[in-house]
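Engineer: Quick check, what structure comes out for this input:
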Amino acid sequence: MQKKIIVFDGVCNLCNSSINKVIERDKNNTYVFASLQGEAGEKLTNERGIDTDLVDSIILIDPGVAYYTKSTAALKVIKSFGGIYSLFGIFEYVPESIRDAIYDYVAKNRYKWYGKKEACMIPTPELKEKFLD
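Structural biologist: Numbers count the residues shown, from 1 in each chain. Below you'll find the model as predicted:
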């Protein structure tokens, strides 16, 4: 598979909203998706030895290259849209430890601020091919 994979928290309203925005802006059909709670997400994280107790919101997997987590994953996805979104690259100059501290604060509070679903979202038939499970 040559597409990049975004593994996300499928029950998080903020995460689901973010995935919908990625789908809208992914004009080159670069990404496919898997929830952390699904079989594909579990397999992908286990294969890479990713502890989902420490990284439980977003993982970007570039097959054959590397994987990225937290703020680095989010920045790489946003920058990939090009245009005005390329300006987000400036945040790469902020040390990852600082970016991830802010990211972790939002991730820790995401259910309180944005809510949580009882189950992962079910993609529409048109979007089903973009989801691994």
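Engineer: How about residues contacting the worst-scoring helix or strand of the chain on mean pLDDT?
Structural biologist: The helix or strand with the lowest mean pLDDT-type score in the chain, counting by mean pLDDT, DSSP states H and E, is helix 13-25 (a mean of 91). By Cβ atoms under 8 Å, 6 or more residues apart in numbering, the surrounding residues in contact with helix 13-25 are 6, 8-10, 31, 33, 57-58, 77, 81, 85, 106, 110, 113-117, 121, 127, 130. Using the backbone N, CA and C atoms, a C-beta is placed for each residue, glycine as well.
Engineer: Only whichever of those residues are buried, select them in PyMOL.
Structural biologist: Provided next is the PyMOL selection string for whichever of those are buried by 16 or more other Cβ atoms under 10 Å:
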select buried, resi 6+8+9+10+31+33+57+58+77+81+110+121+130
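Engineer: Which positions in the least confident helix or strand of the chain come out as buried?
Structural biologist: Applying 16+ other Cβ under 10 Å to helix 13-25 flags 13-16, 18-19, 22-23, 25 as buried.
Engineer: any chance of the residues you listed in TSV, plus distance to S71?
Structural biologist: Rendered in TSV, the data for those read as follows (distance: Cβ to Cβ, whole Å):
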residue	distance to S71
N13	20
L14	14
C15	14
N16	19
S18	13
I19	17
V22	16
I23	21
R25	18
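Engineer: and the angle for the next helix or strand after the least confident helix or strand of the chain with helix 13-25?
Structural biologist: Scanning the chain past helix 13-25 towards its C-terminal end, the next helix or strand to appear is strand 31-35 (assignment: DSSP states H and E). Here strand 31-35 runs at 160 degrees with respect to helix 13-25, directions being taken by axes from the mean of the first three to the mean of the last three Cα atoms, to 10 degrees.
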